[in-house]
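> need a structure here:
(chains A and B)
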Amino acid sequence: MNDLLVRARTAASTVCDPEIPVLTIADLGMLRDVRLSGDTVEVEITPTYSGCPAMNMIALEIETALHQAGIPHARVTTTLTPAWTTDWLTAEGREKLRAYGIAPPPPASTRRALFGETTTICPRCSSPDTEQLAEFGSTSCKSLWRCRACREPFDLFKCH
Amino acid sequence: MNRLALARADDALILGHRLSEWCGHAPALEEDLALANIALDLIGQARSLYTLAGAATGHDEDHLAYLRDERAFTNLLLVERPNGDFAVTITRQFLYSAYIDPYWRSIAATQSPLAPIAAKAAKESAYHLRHAAEWLIRLGDGTAESHRRAQTALTQLWPYTDELFDPITPDDIAVPRETWDTTVNAVLAEATLTRPDPKWQHRGGRLGTHTEHLGHLLAEMQSLHRSNPGATW
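Okay, the predicted model is just below:
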């Protein structure tokens, strides 16, 4: 039984966020629990944003991944509690983001940090001389920035 | 039916739908993205709230969004106001966000069934409030034309703001008016806008008595679902 859960967790951990394909749902901290309910493996995920349009696709991909791992009875459930925060991004996930050209989020641990003056480092040239172009970017979780040093525009994964 | 969740869901859905009307029409690409993102957050909040509202009576989110008539919607009159120009849209968003952001944070700290949804919504509404406040300051303290439009929008929408403070059910929490006043007055001062003082305040949204605008919005929003009953993606 334990082996089944290990295989299930491994399979679920490979599923990527369709909007940021370098990150798995485990990197993002969206994968909350993998447990057995009767003979069904239940995978619990939490949405990043209330309106995240990727949730249905992620659920479908988890079911597919588990099926391919030889687990026929799987169910995906969602939970809102506790509310997802960017603090759950793993260190590995943050590094993957940066390498992909997206600045990782500043810590969210206090609400003040959400709106305080934090320095955003350019993910390409590492300069701290950057400016925000727009509060909202191509997806809910990102804002649009520009580096004054290398002039490249880039996304910041917003603190949440 | 959880009336509190239903009314908060109606606010979020109707305002989200209004913002979605800007998609492809906003004054700049960045704002097109911003308004669509905010709409997405609001519609996402509405989905969670509708699911909660209808759980006891077996009504799902689609039923509550698409198959109720105008009189059954209990949203604020403020959120059904037409988009008008960009100044009207931003002002409407600011006046609503200045109330709902502290509301979500307060109710998230209670034992209310809305608390888990509120904890997520509060993170989103904080961004919505900041976005609208920054724009209102830019418009009010901008050119003579942007100032005129922002002041006109504020004067038009102000008579719909008292309704924000009406508790929906006896167990609802109320954000103190002073909290809202502090936020609003600070932004208006920076925006060089004058706080209106109308003699009359409109009410009725919470009772299902709407302005003529909601029916038109629902007709557009609900037509696809009503003409294809049970349709799914």
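
> domain ranges for chain A?
By the assignment in automatic domain parsing, chain A contains the domains A:3-78, A:90-157.

> name the helices or strands packed onto the helix or strand where A:E92 lies?
Assigned by DSSP states H and E, A:E92 belongs to helix A:91-100. Packed against helix A:91-100 by the contact rule (3 or more Cβ pairs under 8 Å, 6 or more residues apart in numbering or on different chains; DSSP states H and E) you find strand A:20-24, helix A:25-28. From N, CA and C alone the C-beta is placed, and that goes for glycine too.

> Got the confidence number for the residue in chain B positioned nearest to chain A?
Taking Cβ to the nearest Cβ, chain A has its nearest neighbour within chain B at B:G44, 2.5 Å off. The per-residue pLDDT reported for B:G44 equals 96.

> helix/strand/coil for the residue lying closest to it once chain neighbours are set aside?
Computed as Cβ to Cβ, 6 or more residues apart in numbering or on different chains, the closest residue to B:G44 that is not its neighbour in sequence is A:G51, at 2.5 Å. Of the three states, A:G51 takes coil under DSSP: H, G, I helix; E, B strand; the rest coil.

> Could you check how far A:G51 is from A:E61?
19 Å (Cβ to Cβ, to the nearest Å).

> out of those two, which sits in the busier spot?
Neighbour count, other Cβ atoms under 10 Å in any protein chain shown: between A:G51 and A:E61, A:G51 has more, with 23 against 19.

> Go ahead and confirm that one touches B:A36.
No - counting by Cβ atoms under 8 Å, B:A36 is not a contact partner of A:G51; they are 10.3 Å apart.

> Quick check: neighbours shared by these two?
Common contacts of A:G51 and B:A36 (Cβ atoms under 8 Å, 6 or more residues apart in numbering or on different chains): none found.

> Give me the helices and strands touching the host helix or strand of the residue of chain B closest to chain A, please.
Element membership for B:G44 (DSSP H and E) is helix B:29-54. Helix B:29-54 sits against strand A:130-134, helix B:3-20, helix B:61-66, helix B:86-108, helix B:115-140, with contacts defined as 3+ Cβ pairs under 8 Å, 6+ apart.

> after the last one comes which helix or strand?
Read it as helix B:115-140. helix B:144-157.

> Helix or strand next in line after that following helix, which one?
By DSSP H and E, the next helix or strand past helix B:144-157 is helix B:177-190.

> and that next one, anywhere near chain A?
No - Helix B:177-190 is not in contact with chain A by Cβ under 8 Å from any Cβ of the partner chain; minimum separation 13.1 Å.

> what residues does that helix touch?
With contact meaning Cβ under 8 Å, 6+ apart, helix B:177-190 is reached by B:94-95, B:98-99, B:102, B:129, B:133, B:136-137, B:140-141, B:154, B:164-165, B:194-195.

> ok, back up a step: going by mean pLDDT, which of the domains of chain A comes out lowest?
Mean pLDDT is lowest for domain A:90-157 out of these, coming in at a mean of 87.

> Point me to the residue of chain A nearest chain B.
A:G51 (2.5 Å).

> partner strands of the helix or strand A:R146 falls within, parallel or antiparallel?
For A:R146, the element it lies in under DSSP H and E is strand A:142-147. Paired neighbours of strand A:142-147 in the sheet (DSSP bridges): strand A:130-134 (antiparallel), strand A:153-157 (antiparallel).

> Tell me how far that strand lies from the chain's centre.
18 Å (Cα atoms, centre = their mean, to the nearest Å).

> what do you get for stretch A:27-43?
Using Cα atoms, centre = their mean, the offset of stretch A:27-43 from its chain centre is 16 Å.

> Give me the contact status of that stretch with chain B.
No - counting by Cβ under 8 Å from any Cβ, chain B is not contacted by stretch A:27-43; separation bottoms out at 13.0 Å.

> ok, residues contacting that stretch?
Contact with stretch A:27-43 is made by A:1, A:4-5, A:8-9, A:12-13, A:17, A:25, A:44-48, A:58, A:62, A:66, A:71, A:73-77, A:79, A:84-85, A:87-90, A:92-93, A:96, as judged by Cβ under 8 Å, 6+ apart.

> Just say helix, strand or coil for A:W84.
Taken by three-state DSSP, the conformation at A:W84 corresponds to coil.

> returning to what we had before: most widely separated two among the contacts of helix B:177-190?
Greatest spacing in the contacts of helix B:177-190, by Cβ to Cβ: B:D141 and B:F165 (27.6 Å).

> who in chain A is up against chain B?
Counting by Cβ under 8 Å from any Cβ, chain A sits next to chain B at A:47, A:49-53, A:80-85, A:111, A:114-115, A:133-140, A:144, A:158, A:160.
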